[in-house]
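Undergrad: Sequence isn't available, so here's the structure alone:
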């Protein structure tokens with residue numbers, strides 16, 4: 001499990017989301033990383049999230065940033081659930097923007 005936690009930007013095996021993350025409005029992302037670590041099926045390369053992510057043309061998106069494909073696919077799924085619905089091209093473009101400008105740039 002330690003190897004998984006090392007791949008997270010927010011979740012560091014805390015019982016509750018730290019105040020510093022809450023203050024930045026990123027507690028939901030902390031939670032998504034937590035469930036990604038705890039739920040093995042979310043790390044399965046055959047999971048629906050992966051299929052959805054690849055169909056959106058994101059398989060080769062930012063592959064060298066240290067975030068596993070399975071975690072990116074979970075973030076994409078949740079992003080499109082909460083902020084999507086404008087068509088796959090728009091949702092994919094907006095996810096990339098959010099991912100690069102919010103998730104990747106996170107500093108605790």
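TA: Alright, I've got the coordinates. This is a predicted model, so every value here is computed, not measured.
Undergrad: In contact with the residue most central in space within the chain: list those residues for me.
TA: Central residue of the chain (Cα atoms, centre = their mean): residue 75, 2.9 Å from the mean position. Going by Cβ atoms under 8 Å, 6 or more residues apart in numbering, residue 75 touches 29, 32, 95, 99, 103. Yep, even glycine has a C-beta here, placed from its N, CA and C like the rest.
Undergrad: and of the residues you listed, the nearest to residue 5?
TA: Proximity of the contacts of residue 75 to residue 5, judged by Cβ to Cβ, is greatest for residue 32, which lies at 13.7 Å.
Undergrad: May I have the secondary structure class of the closest one?
TA: Look at residue 32: counting by DSSP: H, G, I helix; E, B strand; the rest coil, its state is helix.
Undergrad: Report the contact partners of it.
TA: Taking Cβ under 8 Å, 6+ apart, we find residue 32 in contact with 74, 75, 78.
Undergrad: in the longest helix seen in the chain, what's buried?
TA: The longest helix of the chain (DSSP state H) is helix 69-83. Neighbour counts using 16 or more other Cβ atoms under 10 Å place 69, 70, 71, 72, 73, 74, 75, 76, 77, 78, 79, 80 of helix 69-83 among the buried residues.
Undergrad: Then stretch 48-56?
TA: So for stretch 48-56, counting by 16+ other Cβ under 10 Å, buried means 49, 50, 53, 56.
Undergrad: thinking again about what came up before, so which of the contacts of residue 75 sit within helices?
TA: Those of the contacts of residue 75 mapping onto helices are 29, 32, 95, per DSSP H.
Undergrad: I'd guessed the last one sits against residue 80; true?
TA: Yes - with contact defined as Cβ atoms under 8 Å, residue 95 counts as touching residue 80 (6.8 Å).
Undergrad: returning to what we had before: could the ones in helices among the contacts of residue 75 be laid out in CSV, adding distance to residue 61?
TA: CSV is the format used below for the ones in helices among the contacts of residue 75 (distance: Cβ to Cβ, whole Å):
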residue, distance to residue 61
29, 17
32, 17
95, 9
